[in-house]
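[1] my questions concern the predicted model and sequence given below.
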Amino acid sequence: MTEKEKCEQGLLYNANYDQELINERIAVKDLCLEYNQLKNSDTENRNKLIKKILGKTKENICIEPSFWCDYGYNIEVGENFYANHNLIILDCAKVTFGDNVFIGPNCSFYTAGHPLDTKQRNEGLEYARPITVGNNVWLGGNVVVLPGITIGNNSVIGAGSVVTKDIPDHVVAVGNPCKVVKNIEEY
C-alpha cells in the first residue's frame, strides 16, 4: 500500500519521505505562489488559476491572496465562497465548504495530525482527518479548525477561536477551545 493510499484510508502514513506526495505538494505550492502574485485586477486569471488549484468549485468564489494549501485536489468549495487574506488549508484529507461560507483573514484548516507517540512522530508519521463546513457559515479572523471537525449549517465561529470539537447547526461558538455560547434563532 502506498503512503497516499494509507492517508486516504485514515491510517498513519509518511508524507515526509514519499516522493509522490512531495511532488504533489511542490506542484500545488508553485500554483499557489503564482496565484498569490497575480494582480487583484486580473480577476479572469485569478478565477482560472484558483479553479485549477482546488479539487471542486462552484462558479462564484473568491479567495484573497495569500492562499496556501498542501494538495488542492482535496478541497471543495460551494457557491458564494469568500475567504479573506492569508487562508491556509492543510488538505491531506478532504476539506469541504458548503454554500455561502465567509472566512475572515488569517484562518487555518488543518486535516493533518501527528501521533502522541514520540517514536512514530519522529519517524515522520502523521494522519489526516476530513473537515466539513456547512452552508451559511461565517468564521471570524484568526480561526483555527483542527482535524476531523464538522461545523454545522448557519453557524458563526468567533474570531480567534480554536475549533477542537464539532459545532452544531444554528449556533454562535467562540473561544479556545471553541464552545457554543448561543443558539441562533431564525429571523
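    Sure thing, it's come through. Everything quoted here is computed from the prediction, not taken from an experiment.

[2] which residue ranges of the protein form helices?
    Along the chain, counting by DSSP state H, helices occupy 3-8, 19-37, 43-53, 118-122.

[3] and of these, who's closest to Gly148?
    helix 3-8 (13.9 Å; Cβ to Cβ). Placement of C-beta: from N, CA and C, glycine included.

[4] who touches that closest one?
    Applying Cβ atoms under 8 Å, 6 or more residues apart in numbering, the external contacts of helix 3-8 come out as Leu12, Tyr13, Asn14, Ala15, Asp18, Glu20, Leu21, Cys92, Ala93, Tyr127, Ala128.

[5] measure the residue lying closest to Tyr17 once chain neighbours are set aside to Asn153 for me?
    Of all residues not flanking Tyr17 in the chain, Gly124 sits nearest, at 6.3 Å (Cβ to Cβ, 6 or more residues apart in numbering). Gly124 sits 37 Å away from Asn153, taking Cβ to Cβ, to the nearest Å as the criterion.

[6] follow-up on the earlier one: hang on, the residue nearest to Tyr17 packs against Asp18?
    No: counting by Cβ atoms under 8 Å, Gly124 stays clear of Asp18, with 9.4 Å between them.

[7] more neighbours, these two?
    Asp18 (17 against 13; other Cβ atoms under 10 Å).

[8] OK, contacts around the more buried one?
    Residues counted as contacts of Asp18 (Cβ under 8 Å, 6+ apart) are Thr2, Glu3, Lys4.

[9] buried subset of the residues you listed as a PyMOL selection?
    In PyMOL, a selection of the buried entries from the contacts of Asp18 looks like this (16 or more other Cβ atoms under 10 Å):
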select buried, resi 3+4
